[in-house]
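1. here's my sequence, what's the structure:
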Amino acid sequence: MAWQTIQKCEPAVVPPHLPDYEAGYAAFGWDDVPVDGLPGGGLSIVHEAVDRWSTERADRVALRFLGKDGPGGGTRELSYADLAEQTCRFAAVLDGLGVAPGEVVVGLMGRHPELYVAILGTLRHGSVFCPLFSAFGPEPVKQRLLLGGATVLVTTPTLYRKKVAPIRAEVPGLRHVLLVGPGYERVADEPGVHDLQALLDAASAAPRLAATTPETPALLHFTSGTTGMPKGAVHVHAAVRAHHATARCVLDLHDDDVFWCTADPGWVTGTSYGVIAPLTCGVTVVVDELELDADRWYRILESEAVTVWYTAPTALRMLMKAGAERAKQHDLSALRLVLSVGEPLNPEVVVWGLEAFGLPVHDTWWQTETGAIMIANYASAQIRPGSMGRPVPGIEAALLARDEHGDPVLTAHGEPVLVTEPDTEGELALRAPWPSMMRAYLGMPERYAKAFVGGVPGTGWYRSGDLARRDADGWFWFVGRGDDVIKSAGHLIGPFEVESALMEHPAVAEAGVIGVPDPVAGEVVKAFVSLRAGHDPTPQLQRELLGFGRSRLGAAVAPRSIEFRDVLPRTRSGKIMRRLLKAQELGLPEGDLSTLEAGAEAAR
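-> Numbers count the residues shown, from 1 in each chain. Just a heads-up that it's a prediction; the model follows:
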């Protein structure tokens, strides 16, 4: 069933955007994206996300925050008018502190209203906002504060005491710390520490908006730090064109939608699609303070009448493990589109969506560096379970041929050789530029140049580092990260392919696949499996799964061994940590887990 094409679902309320993919793709131009812009050719993310709605939809709820008590308890709302006022106050606070446009403001906290005000208020001021994952330890926080040249930090007293105060002396450029929530009095005597609410209350709410251009830096997102220093991808205000376009054609947002993105605001998805993109459409955005809990999430989908839901494959697999019956206990009739982001989406999860919600799950692909969704499955089109989908309008995607070292194969004229044969693997690449493409790796010009074939920054083909194949109809299929691929007896095996095949077995909830050394084959495939409720990890089931894998994948690709685990190791955001599985298997030191987790978070 997982390989069958799923027909598009008929729209329950309004026709979907991009009703004809081929025609829409052919006719699209980035200049066609309906943005207001500013006088003199200027462009501002906060104007497109807030100010354009602050009159027309002044009383519409922009952000609805659900506190620890869940729906109906501890809920806070900000209308578009409220958001305009509060972000003007935050910009005034930065002015009052002597912060100059272009300086970096860092956010280190969970899903609290003040963080969202800080994000948009920073952009209104003309400064650069940098989100950090609140689960980082002191060392990753220090590293990013230093690399980003941060001058302002927005955080809570608890996070400040645990993660910033111990390293504060090593970050001399951090002039101001704006604290949110109780506990300010414990650190009030430390230099540069302020109570943000008090500053906001005293600040002017007079309208203000920095005169930013499309190329003015706006966002700084840090990527992986696994193999060295984390890279800071710089994005500009022009990115809002891609945010808005993909919010319409991929997320399929319409005027009356209620949208919920479960991504943490410390990562690029939580900023681009948890804040900016939906607000450019004038919709209501639901924000939940807590992390995944199956019953709580279903209650939120029901009570908030969520229409479009953007979540992660890991979360969906955990819900699948809990059983579709949990979903059927709730009225989810308002839900019309479910999308996935953050890692490849297993075919079985796509199909499970039909059982649980009456809707398939639509996968999307992008990275921190791309700034916005690049490849997707669309509300108006068929889904091929397991496929990443097709490029969004305005994006040209291709596969690069690679040599034995993983480098692009070049012609005599220095042009990359493109893979044109269907179902043949290559490195996924995107034709530069596009509006949300990173404009730099902060302080790393040589590394930035290497991200493009030919080494000319921002031109030619951007190298994603992901391996994929494209079928004869133009759908892309993820194979694996270039450094994750298992090389066994001359075969290149993508872990995702093996994991997805194993998950088709009714006993398997999740799987993590690695390559382990073998004297003959070089590497062989080993799978770590967690089981669904009602299944026991017996030798008989182990043999059954090994046979199932061979029947689905063939002997050359299937796992040679399977180990049962109650829980697979994950990053803080829920992704399976294959590298940690491999370290454990080989008896290698696991190292600092907070650093490993930080490095595994590079968003797609």
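2. doesn't residue 513 belong to a helix?
-> No - secondary structure of residue 513, determined by DSSP: H, G, I helix; E, B strand; the rest coil: strand, with no helix assignment.
3. across the sheet, point out what pairs with it.
-> In this structure, residue 513 bridges to residue 527 when assessed by DSSP bridges.
4. my guess is it contacts residue 501. True?
-> No - taking C-beta atoms under 8 Å as the definition, residue 513 is not a contact partner of residue 501, at 9.6 Å. Just so you know, the C-beta spots here come from the backbone N, C-alpha and C atoms, and that holds for glycine as well.
5. quick one: the strands in the stretch 501-604 of the chain?
-> 508-518, 522-531, 561-564 (DSSP state E, counting those that start in this stretch).
6. actually the stretch 351-500 of the chain, not the one I typed
-> For the stretch 351-500 of the chain, applying DSSP E, counting those that start in this stretch gives strands covering 361-365, 375-376, 387-391, 397-400, 426-431, 440-441, 461-470, 476-481, 486-488, 491-493.
7. check contacts around residue 297.
-> The neighbours of residue 297, taking C-beta atoms under 8 Å, 6 or more residues apart in numbering as the test, are 262, 288, 315, 319.
8. quick check: the farthest pair among the residues you listed?
-> 288 and 319 (14.5 Å; C-beta to C-beta).
9. how distant is the longest helix seen in the chain from the center of its chain?
-> With secondary structure taken from DSSP state H, the chain has its longest helix at helix 80-96. Centroid displacement of helix 80-96 relative to its chain, using C-alpha atoms, centre = their mean, to the nearest Å, is 27 Å.
10. ok, residues contacting that helix?
-> Identification of contacts with helix 80-96 by C-beta under 8 Å, 6+ apart yields 46, 50-51, 53-54, 57-60, 62-63, 78, 105, 117-118, 120-122, 124-125, 127, 152, 178, 196, 199-200, 203-208, 210, 279, 282.
11. buried among those residues? Make that a ChimeraX selection.
-> Below is the selection syntax for ChimeraX that covers the buried ones among these, with 16 or more other C-beta atoms under 10 Å defining burial:
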select :46,50,51,53,54,57,60,62,63,78,105,117,118,120,121,122,124,125,127,152,178,196,199,200,203,208,210,279,282
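12. let's see which of the contacts of helix 80-96 end up in helices.
-> Secondary structure assignment (DSSP H) places 46, 117-118, 120-122, 124-125, 196, 199-200, 279 from the contacts of helix 80-96 within helices.
13. so where's the chain shaky on pLDDT?
-> Judged by pLDDT under 70, the chain has its weakly predicted residues at 1-4, 7-13, 70-73, 224-229, 482-484, 487, 489-492, 571-574, 589-604.
14. let's check: the centremost residue of it is which one?
-> Ranked by distance to the mean C-alpha position of the chain (C-alpha atoms, centre = their mean), the top residue is residue 269 at 3.4 Å.
15. against residue 318, how distant is residue 312?
-> Here residue 312 is placed at a distance of 9 Å from residue 318 (C-beta to C-beta, to the nearest Å).
16. could you measure the nearest residue to residue 49 once chain neighbours are set aside against residue 78, distance?
-> Setting aside the residues directly before and after it, residue 49 is nearest to residue 279 in space (C-beta to C-beta, 6 or more residues apart in numbering), at 3.8 Å. Residue 279 sits 11 Å away from residue 78 when distances are taken as C-beta to C-beta.
17. what touches both of those two?
-> Residues touching both residue 279 and residue 78 (C-beta under 8 Å, 6+ apart): residue 62.
18. what is the burial count for the spatially closest residue to residue 503 that is not a sequence neighbour?
-> Nearest residue to residue 503, sequence neighbours excluded (C-beta to C-beta, 6+ apart): residue 348, at 4.6 Å. Using other C-beta atoms under 10 Å, residue 348 has 22 other residues around it.
19. can I assume residue 147 sits in a helix?
-> Yes - when three-state DSSP is applied, residue 147 is found to be in a helix.
20. which one of the strands of the stretch 501-604 of the chain lies nearest to residue 554?
-> Of all the strands of the stretch 501-604 of the chain, strand 522-531 sits nearest to residue 554, with 11.4 Å by C-beta to C-beta.
21. for that closest one, packing partners?
-> Counting by 3 or more C-beta pairs under 8 Å, 6 or more residues apart in numbering; DSSP states H and E, the packing neighbours recorded for strand 522-531 are strand 486-488, helix 495-502, strand 508-518, helix 539-553, strand 561-564.
22. deepest of these, which one?
-> Comparing the helices and strands packed on strand 522-531 by mean neighbour count (mean count of other C-beta atoms under 10 Å), helix 495-502 comes out on top with a mean of 24.
23. quick one: that helix to strand 461-470, angle?
-> Angle, helix 495-502 to strand 461-470, by axes from the mean of the first three to the mean of the last three C-alpha atoms, to 10 degrees: 30 degrees.
24. got phi/psi on residue 393?
-> Phi and psi for residue 393, reported as degrees, to the nearest 10, are phi -50, psi 140.
25. gap between it and residue 245?
-> Separation of residue 393 from residue 245 (C-beta to C-beta): 7 Å.
26. same thing with residue 524?
-> Per C-beta to C-beta, residue 524 is found 44 Å from residue 245.
27. could you give the number of residues near residue 583?
-> Neighbourhood size, residue 583 [other C-beta under 10 Å]: 17.
28. the more surrounded of residue 524 and residue 245?
-> It is residue 245, of residue 524 and residue 245, that has more neighbours when counted by other C-beta under 10 Å, with 29 against 19.
29. give me the more crowded residue out of residue 312 and residue 318.
-> Counted by other C-beta under 10 Å, residue 312 and residue 318 do not tie: residue 312 has more neighbours, with 22 against 17.
30. can you tell me how far the closest residue to the more buried one other than its chain neighbours is from residue 556?
-> Of all residues not flanking residue 312 in the chain, residue 342 sits nearest, at 4.3 Å (C-beta to C-beta, 6+ apart). As judged by C-beta to C-beta, residue 342 and residue 556 stand 30 Å apart.
31. who has more neighbours out of these two?
-> The neighbour count for residue 342 versus residue 556, taken as other C-beta under 10 Å, is higher for residue 342 (25 against 13).
32. can I take it that that one is in a strand?
-> No - according to three-state DSSP, the state of residue 342 is coil, so it is not within a strand.
33. next one: phi and psi at it?
-> Main-chain dihedrals, residue 342, degrees, to the nearest 10: phi 110, psi -30.
34. the residue nearest to residue 503 in helix, strand or coil?
-> At residue 348 the chain is in helix, as set by three-state DSSP.
35. can you start the count at 517 instead of 1 from here on
-> Yes, from this point I'll number from 517; that puts the last item at residue 864.
36. using the record's assignment, carve the chain into domains.
-> Annotated domains of the chain cover 537-877, 1000-1084 [automatic domain parsing].
37. got the contact list for stretch 909-924?
-> Contacts made with stretch 909-924 from outside it, assessed by C-beta under 8 Å, 6+ apart, are listed as 534, 540-541, 544-546, 758, 761, 765, 890-891, 907, 925, 932-935, 940-947, 950, 969, 977, 979, 984-986, 992, 998.
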